[in-house]
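Peer 1: Below is the sequence, then the predicted model.
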Amino acid sequence: MIGACTVALLAALAAPPGPSAREPWIRRLRPDVMTLELGVFAGAWLPPARHELLDWTVAPLVGYPRLSPASPDFGVRALFLPDSFIGIEATGSASASRTADGQPALLYRGGLHALLQLPLFAIAPYVLFGYGFAGEQGVTLGRDIDATFNFGGGVKIYAHKLIALQLDVRDTVIRDLVWTQHLQVNVGVTFTLFRGGARPTDRDRDGVPDPGPRVSFPDACPDTPGLVEFNGCPPPDPPAQLPIRYNTDGS
């Protein structure tokens, strides 16, 4: 799935802009309001040596077996942005790991997060925080699930109005007998399923939007740079001064 998404992303990058796309892509493709995004990602789950993911009823029998220092992690995420700078994200992933004695262990996690991003350009950094859960199921460790606090940050690169590349680093904090931190490093592709706020264009780039259905004060001269106080038109020429005539008697 990640391979197919990467091909779609590269195709979007290679596609030439339409004839009306005069605004630079880094501004034209910036995040919008009322947007719904769905993404897939892959990365690495990096548990600590003392990971707290084990059934404590079997711990006296097996000791405290360590997990692999890194294991592949695959997941999905959904993001709703009521405004371009704030959103609500739900995420879930699973990772196939092993204990030190070679036994398989399935790690999984999920969470609900508040996401704050800087929507000025098509390259949009963000931070997130929220709550969730992390769990484990395996032969040696038994079965366990714990509440978590999650935080992290990353960047989205919008290569197309419907496709973005996403990279982030997240920290999953588990409080059981002790505090432990599980890092996740991910790269993925995000698809925009719904974009509710069509951004008005500005062909002459003077800061006054072109005429459109959602524009209250449109540019009266959309192809000529102007000033806001003149509705996007250039200022009028000053009136010509009339010559001063003097009477021959000196008055």
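Peer 2: Structure received. Since we're looking at a predicted model, the values are computed, not measured.

Peer 1: Which parts of the stretch 1-150 of the chain are strands?
Peer 2: 35-46, 71-83, 86-98, 104-117, 123-138, 142-160 (DSSP state E, counting those that start in this stretch).

Peer 1: between those, which one is nearest to residue 192?
Peer 2: Nearest of the strands of the stretch 1-150 of the chain to residue 192, taken as C-beta to C-beta: strand 35-46 at 5.4 Å. For glycine as for every other residue, the C-beta is placed from the backbone atoms N, C-alpha and C.

Peer 1: on contacts alone, who are the packing partners of that closest one?
Peer 2: Here strand 35-46 touches helix 2-14, strand 71-83, strand 86-98, strand 163-175, strand 179-195, going by 3 or more C-beta pairs under 8 Å, 6 or more residues apart in numbering; DSSP states H and E.

Peer 1: Can you point out the buried residues in it?
Peer 2: 35, 37, 39-43, 45-46 (16 or more other C-beta atoms under 10 Å).

Peer 1: And for the residue lying closest to residue 177 once chain neighbours are set aside, the neighbour number?
Peer 2: Spatial nearest neighbour of residue 177, chain neighbours left out: residue 52 (6.8 Å); criterion: C-beta to C-beta, 6 or more residues apart in numbering. When neighbours are counted by other C-beta atoms under 10 Å, residue 52 registers 20.

Peer 1: what sits against residue 52?
Peer 2: Neighbour list for residue 52: 144, 146, 174, 176-178, 180 [criterion: C-beta atoms under 8 Å, 6 or more residues apart in numbering].

Peer 1: That one and residue 181, how far apart?
Peer 2: 10 Å (C-beta to C-beta, to the nearest Å).

Peer 1: With that, I have no additional questions.
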